[in-house]
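In: My questions concern the predicted model and sequence given below.
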Amino acid sequence: MADFKFCPQCANALEWITSLEDGGAKERLRCVSCGYTHWNNPTPVLAAIIEYEGKVLLARNAAWPGKMYALITGFMEAGESPEEGIRREIQEETALEVSALDLVGVYDFQRMNQVIIAYHAQAHGEVRLSPELVDYRLYALEDVKCWRAGTGQALAKWLLSRGITPQYLER
């Protein structure tokens, strides 16, 4: 939020200004010249718990440090539904085809100003990773470890729905 400094309409500096809105006073970055407001609304992010060959597929992004593996995630494109978006993301990032898709839940991820829409996807085909991903692993449901934020909450809920008590990574 702090790196958004200039108005995209007139290029003047934005200022923190409090104004009355529905629900009361709210401080936002606003342009005093043209009246533009930077709303800073959360971005929807799609996530997939991919069940492949009876196991959970977790992947490692090329940009991540260390050996962290996580769910397949991505942003919706204009004009697509969340279901269409997650099917596309799975296909683009793993080359897998989705045979069944179920909503797991919606989770806030305030650290990244995102709202995560998480799905369970049953997928088939041959895994071929996009250049965005460097590796993947398949985990037996009882061996997968969850994390305590963002998509890890969705994974834990899904494991519980399968009768498995989630195990968590230690920090």
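Out: Yep, that arrived. Numbering: from 1, shown residues only.
In: Scan this protein for its longest strand.
Out: Assignment by DSSP state E gives strand 97-109 as the longest strand of the chain.
In: What average pLDDT does that one get?
Out: For strand 97-109, the mean pLDDT works out to 96.
In: Which positions in that strand come out as buried?
Out: 98, 101, 104, 107, 109 (16 or more other CB atoms under 10 Å). Any C-beta I mention is one placed from the backbone N, CA and C, and that applies to glycine too.
In: ok, the fourth one touching Gly150?
Out: Yes: the pair Tyr107 / Gly150 is scored as a contact, 6.6 Å apart, by CB atoms under 8 Å.
In: what residues are shared contacts of these two?
Out: Residues touching both Tyr107 and Gly150 by CB atoms under 8 Å, 6 or more residues apart in numbering: Ile116.
In: Run through the helices of the protein in chain order.
Out: For the chain, the helices defined by DSSP state H cover 82-94, 151-161.
In: Mind listing residues that contact the shortest one?
Out: Going back to what we said before, that points to helix 151-161. With CB under 8 Å, 6+ apart as the criterion, helix 151-161 contacts 47, 49, 56, 70-71, 73, 104-105, 107, 116, 118, 120, 141, 144, 146-147, 165-166, 168.
In: Restricted to buried residues, select these in PyMOL.
Out: To isolate the buried ones among these in PyMOL, judged by 16+ other CB under 10 Å, type:
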select buried, resi 47+49+56+70+71+73+104+107+116+118+120+144+146+147+166
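In: out of the contacts of helix 151-161, which are inside strands?
Out: Checked against DSSP E, these include these in strands: 47, 49, 56, 73, 104-105, 107, 116, 118, 120, 146, 168.
In: now for the helices of the chain, which one comes closest to Cys10?
Out: Closest of the helices of the chain to Cys10 is helix 82-94, at 33.2 Å (criterion: CB to CB).
In: For the closest one, what does the pLDDT average out to?
Out: Averaging pLDDT along helix 82-94 yields 98.
In: do the same with stretch 35-53
Out: Mean predicted lDDT for stretch 35-53 stands at 95.
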